[in-house]
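Novice: Below is the sequence, then the predicted model.
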Amino acid sequence: METRRLGKTGMIVSVIGFGASEIGYQNVAPRTVEKLLNAALDAGLNVIDTAACYDTSEELIGQTVGHRRRDYHLLTKCGHANGLSAPEWSPEIVEMSLARSLKRLRTEYVDLLQFHSCGAATLRNDALIAALARTREKGMARALGYSGDGADALAAIELGVFDTLQISVNIADQEALDRALPAAAARGMGVIAKRPIANAAWLKSRWSAPEYERPYQRRLRKLNYPFLRGGAAAAVGAALKFTLATPGVHTAIIGTTNPSRWAENAKLLEAGALPDGDFAAIRARWREVARDGWGGLR
């Protein structure tokens, strides 16, 4: 699988990473998670992204592939006092959250610790930023990042303390291409694209899709990309390749509970990159149709 350097972190990352929210929120059985993560690692993926609030996700990762720790870069997010509640921000919670995550993940450090979707006002709290920095000084985290969208992402970039940015980038969510990504590139930040295939929302009915996917469904109906009317695999491939062709993106985080998905995704990428003309057409359609309020989704 193709790899890229994740900005100033120096990490060499696979262009596809594993997003671990689904395995936690959906209470996936450990035996299935073991097959899923080992299949991903065996397919050449070397990025696993999780968070303190993804229910049992961290425990499942530690339990099933903790013994393969040298095979992957481990990313998590902090800011939740009990692991499931709404974010709570204090220096004590930042350090407590990471210590708990390390225990769950069965590791002595994470490669990247990210602030999780906090607002600009929180980012201006010097004590919080100092607590984040201490996790690196103590060797608990090797790099520091921010995960979020819109004006908050721009505030995080401008702060100048983060090594990476995790942000929504896909065919239905292109605000970052004009705003955050150029700013992040100017600072040498690594960029992790979340929701890189727009949750494949066009493949689901209006009634079966979770509430958080429905904005993408509405956008995609209006965008009406021709390639989405073809076969599912080809459409997913085009969507993924669009995200990976976006300047400044280094890796794309995909969640799944299907152990065979990684080989399928790798095969889609082996078929070749998205042609420049197709990328330009998707961008042109977005500029033509996108409306006020079509900002990045959390």
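Specialist: Nice, I can see it.

Novice: Worst mean pLDDT across the helices and strands of the chain, which element?
Specialist: helix 261-270 (a mean of 84; mean pLDDT, DSSP states H and E).

Novice: Dump that helix to PDB, restricted to CA.
Specialist: Extracted in PDB, the C-alpha atoms of helix 261-270 (Å, rounded to 0.1, in the frame of the first residue of the first chain):
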ATOM      1  CA  ARG A 261     -12.900  -4.600   3.500                       C
ATOM      2  CA  TRP A 262      -9.200  -3.800   3.600                       C
ATOM      3  CA  ALA A 263      -8.200  -6.100   0.800                       C
ATOM      4  CA  GLU A 264     -11.100  -4.600  -1.200                       C
ATOM      5  CA  ASN A 265     -10.000  -1.100  -0.600                       C
ATOM      6  CA  ALA A 266      -6.400  -1.900  -1.400                       C
ATOM      7  CA  LYS A 267      -7.500  -3.400  -4.700                       C
ATOM      8  CA  LEU A 268      -9.500  -0.200  -5.600                       C
ATOM      9  CA  LEU A 269      -6.400   1.900  -5.100                       C
ATOM     10  CA  GLU A 270      -4.200  -0.500  -7.100                       C
END
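
Novice: And it, what's buried?
Specialist: If you call a residue buried by 16 or more other CB atoms under 10 Å, then helix 261-270 has these buried ones: 261-262, 265-266, 268-269. Where C-beta positions appear, they are placed from N, C-alpha and C, glycine not excepted.

Novice: repeat for stretch 27-47
Specialist: Within stretch 27-47, the residues that count as buried by 16+ other CB under 10 Å are 28, 32-33, 36-41, 43, 45-47.

Novice: try stretch 194-212
Specialist: In terms of neighbour count (16+ other CB under 10 Å), stretch 194-212 has its buried residues at 194-202, 209.

Novice: cool, stretch 116-134 as well?
Specialist: Quick answer for stretch 116-134 (16+ other CB under 10 Å): 116-118, 120, 122-123, 128-129, 131-132.

Novice: about what we covered before: the buried residues of stretch 194-212 into a markdown table, with extra columns for pLDDT?
Specialist: Converted to a markdown table, these look like this (pLDDT from 0 to 100):
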| residue | pLDDT |
| --- | --- |
| K194 | 95 |
| R195 | 94 |
| P196 | 95 |
| I197 | 94 |
| A198 | 93 |
| N199 | 90 |
| A200 | 90 |
| A201 | 90 |
| W202 | 89 |
| A209 | 62 |
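
Novice: Between these, which sits nearest L244?
Specialist: Of all the buried residues of stretch 194-212, P196 has the smallest distance to L244: 7.4 Å, by CB to CB.

Novice: Pretty sure the closest one sits in a helix.
Specialist: No - P196: not assigned to a helix; according to DSSP: H, G, I helix; E, B strand; the rest coil it is coil.

Novice: returning to that earlier point: ok, the buried residues of stretch 194-212 vs T9, which is closest?
Specialist: Among these, K194 lies closest to T9 (CB to CB), at 17.1 Å.

Novice: so how far is D178 from that closest one?
Specialist: Using CB to CB, to the nearest Å, one obtains 18 Å as the distance from K194 to D178.

Novice: Looking at the buried residues of stretch 116-134, which is nearest L228?
Specialist: Nearest to L228 out of those is S117 (CB to CB; 28.3 Å).

Novice: List the contacts of the closest one.
Specialist: S117 makes contact with 87, 147-149, 152, 298 under the criterion CB atoms under 8 Å, 6 or more residues apart in numbering.

Novice: do the same with L123
Specialist: For L123, the contacting residues are 115, 129, 146, 152, 155-156, 159, by CB under 8 Å, 6+ apart.

Novice: Any chance of a ChimeraX selection covering the buried ones in those?
Specialist: Buried subset of these, written as a ChimeraX selection, criterion 16+ other CB under 10 Å:
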select :115,129,146,152,155,156
